[in-house]
Structure formats: C-alpha cells, structure tokens
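*Asks:* Sequence and predicted structure below; questions after.
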Amino acid sequence: MLLRLFSRPGKIPALCCTALFCFHFSASAAWWKGNLHTHSLWSDGDDYPEAIAEWYKTNGYHFLAFSDHNILLEGERWVALTNGNRAQSALDKYRARFGAAWVEQRAVGGTQYVRLKTLEEFRGLFEETQRFLLIPAEEITDKFKTHPVHINGINIAEFLKPQGGSNVLDVLQRNVNAVLEQRRRTGRPMFPHINHPNFGWGITAEELMRVEGERFFEVYNGHPAVNNEGDLYHASTGRIWDLLLTFRLAQLDLEPMFGLAVDDGHSYHLMSPTNSNPGRGWVVVRSPDLSAASVIAALEAGDFYSSSGVRLRDIRAASDSLAIEIDAEPGATYTTQYIGTRVGFDARSEPAARPAGTIAPVTRQYSGQIGEVLAEVAGTAPKYTFRGDEIYVRAKVISSKLKKNPYRSGEAEVAWVQPVLPGRIVNQ
C-alpha cells in the first residue's frame, strides 16, 4: 500500500516509489564501497591509472570510476617525460610495480614519451567478480563565461564533448541531456552527476534546483578548493541540498537529488590537506551484486549513503520512521541530525550580499524553515519518527573522530543518508 503522509499541488514525479523509498531490496544484497570521481595522467592527475586502481582496490574499495577531464581512457595517448613533470615523477614507481615490459616508451625529437594504457588494457589486472569493478566515466568540463560547470558522466559508452550554453542553467541542462540521450540511444545504464557546485562559486542553488532529469550532485568533495562549507556570502553544499530538495519537491514537480561524496583525486604521492588525495569521500551502495548495472540501479533508487569516514550497518525507512544503525568505532561518539522541510514552509527569499567588487550571482537567503534540524539524536541507533508533514527527511551522522588526512583542519568524519519522502514510502 502506498502511504501518502502529505500532499502537494501538481503531479507526482514519474518515479518508481517502491524502489526509491524502500531500502530493503533483497536479503542477499550487500554493501559496496566506491568512488565516482577520479583523475589520472590522462588529464590532470599525477599518477598512472594502473597505480590509482591498485590503491583503491588495496584500500577496501569495490568500484572506481575514472573521470578524467573531457576524455575517456581509450585510444593511443603518449605523454612527455620532461623537467620532472607529473608523468616523469611517477615513472620509477610505475615501472617498479608493473615491470619494464609493461611500460612503453619512445623518443621523439630527443624527448622521451610514455604511452598511457587504456582502461580496456589494464582493467583485467584488477577486476574480480564480486570483488572489484572499474567503471568508465568522463568529467565533462564546461563553463559559462568565468563560471565552471562540471558534470560527470558515469559508465558512458562514448566520449561527450562539452555542450556549452547561454547561461549556467543552460550549460547544466545541455550536458545532462547529452548523457541522458546517450543512455536512451545505447540502452546502457549510465547517469550524469553535477560536480562541486561551489568550485569557483560556479553554480547557485537556484540554478541547480531547476535542472531536469538530474538525480545527483556532490554534497562532499575531497578537493581542498571546492568550498563545501561555503563562506560568508555563499551557501554550503548542505544548505544547497536542502534548498533544491525543498523547491524541486514542493514547487517545481521535479525528482529529488541525492548527495554524493567523492574524492576528486588528483594527487597520489604526497598526502596533505593542501592536495586532492584519494580516500576522502565515497559512496556505499546496497546492491545484490557488483556490476555497473546493479550499482547504478541502487544509486538511482537512493539505496546508498555517502561518507567521509562514518560507516553504517543499516538504513531502514518505514512508513512512520527513518532508522539508522551505525558501525561504531571504539572511542568515537555519534550525533545524528535529521534534517528536512515541512509543508507550509516560508518560501520567501531575498538577495544575498555579494563579495565587494563582484557581480556574479550568489544563492539567495531563505527562511530557516527550509532544511531545519527536525531532531538531533545521540548514540549508535538513531531513529526519527515522522510527524506527518515533512516534505522530505535526510540524515547527517557526525562522528567525534577527526578525519585522517582531511581536506581542511578540524574536519570530522560524517555520513550522509539520502532523503526519503515520508508520503511515498511503501510498507513491506
């Protein structure tokens, strides 16, 4: 039976409510840990993709997407070994690990080059059934004027060039549409996700909330330059998430967006808060098996959580509550914030202040009724009972444990539970 605990004007988005808001798909489903945003020497990373894949596999990940800028890891590509550049600096470790016979070099005009292996060439070194999976991807790197607009295409089959556009929203929509069109045409499971909206302060909440067909954005990105927390003038990614959820669901008749945590790794040799290192943000997906199709289906159903360190044992969404079981670490304490917006919220807004001398738009200022903390629960088994008027409820689990190799000083480990819509949870 489909329970509707609240109503709103307009149509219900065309979603599969049973899959989207019931978290137990199968008794045999398992949790799979993965990273969806990774760079290598194919663009602006500082290591060879084989070495990166090995790092993730040996550090407990189950899947990894290579998402280099405006390129897929296919075709012939040679990089110069000059002046201690990234390719040269990593070469000795690369050769020592994979052997001289694996590394291909040639000289052209007195300059040495090394050939980058394609994904199809090296995936066989690492992939194992139900153990580790490599997923092709591309960071479609676009912009509007000075505003960076980056979108990952996950599991795409063919290279997608940046689409451009007449404004930030148009650029977003055109690139999202390009991924969705390739999915429609090929029948291959794939999806777009919007990267680091606060990088270069490129995307406001008002622009992001209006993108049609988009289901994902990065609520946490481990790169030290992406401004997850916002600043005096700009909304944090958490605040952006609450704004877009509220208005997409209550006024715009659009699907909710889920929040991803990713590494956006570029630097694999020197671990430092000033570098974009691996191991900072990931998703944990509940799926019957480890395949691209199953992982994507679970992500699109919202049956996953995002993390910068906190581990969860279970998430249970029922018609009357959202309960979480935390996999606690010795010595750590946990506080869970249940966050949401209620029906009848104050939708008014006013322009926000801008940094002196700038004209770029910033996210407007809205009422605290949007994205309010509905409850705060201590302990390892937090539960929130729905009152019945929530448009959505999401959860943020905060550990007392400080993160190892943080992207900023004092960063605590966190997990983000995806939003549920109480009025559309199906009893099972």
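*Replies:* Done, it's in. Numbering: from 1, shown residues only.

*Asks:* Report the buried residues of stretch 47-61.
*Replies:* Asp47, Tyr48, Pro49, Glu50, Ala51, Ile52, Ala53, Glu54, Trp55, Tyr56, Lys57, Tyr61 (16 or more other CB atoms under 10 Å). All C-beta atoms are positioned from the backbone trio N, CA, C, and that covers glycine.

*Asks:* now that stretch, how far from the chain's geometric center?
*Replies:* 19 Å (CA atoms, centre = their mean, to the nearest Å).

*Asks:* Using PDB, list the CA coordinates for that stretch.
*Replies:* Taking C-alpha atoms only, stretch 47-61 is exported to PDB below (Å, rounded to 0.1, in the frame of the first residue of the first chain):
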ATOM      1  CA  ASP A  47      49.800   9.100 -11.400                       C
ATOM      2  CA  TYR A  48      49.300   6.300 -13.900                       C
ATOM      3  CA  PRO A  49      45.800   4.800 -13.900                       C
ATOM      4  CA  GLU A  50      47.000   1.300 -13.000                       C
ATOM      5  CA  ALA A  51      48.700   2.600  -9.900                       C
ATOM      6  CA  ILE A  52      45.500   4.500  -8.900                       C
ATOM      7  CA  ALA A  53      43.300   1.500  -9.500                       C
ATOM      8  CA  GLU A  54      45.600  -0.600  -7.300                       C
ATOM      9  CA  TRP A  55      45.400   2.000  -4.500                       C
ATOM     10  CA  TYR A  56      41.700   1.800  -4.400                       C
ATOM     11  CA  LYS A  57      41.500  -2.000  -4.600                       C
ATOM     12  CA  THR A  58      44.000  -2.500  -1.800                       C
ATOM     13  CA  ASN A  59      42.300   0.100   0.400                       C
ATOM     14  CA  GLY A  60      39.000  -1.700   0.600                       C
ATOM     15  CA  TYR A  61      37.000  -0.200  -2.300                       C
END
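
*Asks:* oh, and call the first residue 48 from now on, that's how I've got it
*Replies:* In the new numbering, first residue 48, that becomes stretch 94-108.

*Asks:* picking up where we left off before, for the buried residues of stretch 94-108, which one is nearest Gly81?
*Replies:* Tyr108 (5.9 Å; CB to CB).

*Asks:* What about the residue lying closest to the closest one once chain neighbours are set aside, how many residues nearby?
*Replies:* In space, and not counting its chain neighbours, Tyr108 is closest to Lys80: 5.3 Å by CB to CB, 6 or more residues apart in numbering. Here the count is done by other CB atoms under 10 Å, and Lys80 has 18 residues near it.

*Asks:* Can you spell out the domain ranges of this structure, please?
*Replies:* If you go by automatic domain parsing, the domain ranges for the chain are 64-123+176-471, 125-162.

*Asks:* just the strands in the stretch 148-297 of the chain please.
*Replies:* In the stretch 148-297 of the chain, the strands defined using DSSP state E, counting those that start in this stretch lie at 152-155, 158-162, 180-191, 194-201, 238-241, 263-268.

*Asks:* Format these as CSV; extra columns: distance to Trp125.
*Replies:* Formatted as CSV, these follow (distance: least, CB to CB, whole Å):
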stretch, distance to Trp125
strand 152-155, 7
strand 158-162, 4
strand 180-191, 20
strand 194-201, 25
strand 238-241, 30
strand 263-268, 30
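
*Asks:* Mean pLDDT for these - can I get that in CSV?
*Replies:* Converted to CSV, those look like this (pLDDT from 0 to 100):
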stretch, mean pLDDT
strand 152-155, 96
strand 158-162, 97
strand 180-191, 98
strand 194-201, 98
strand 238-241, 98
strand 263-268, 98
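
*Asks:* of all those, which lies closest to Phe113?
*Replies:* strand 180-191 (6.0 Å).

*Asks:* Packing partners of that closest one?
*Replies:* strand 110-113, strand 194-201, helix 215-233, helix 339-347 (3 or more CB pairs under 8 Å, 6 or more residues apart in numbering; DSSP states H and E).

*Asks:* rewinding a little: just the domains of the chain: most buried one?
*Replies:* Mean neighbour count, computed with mean count of other CB atoms under 10 Å, is highest for domain 64-123+176-471 among these, reaching a mean of 19.
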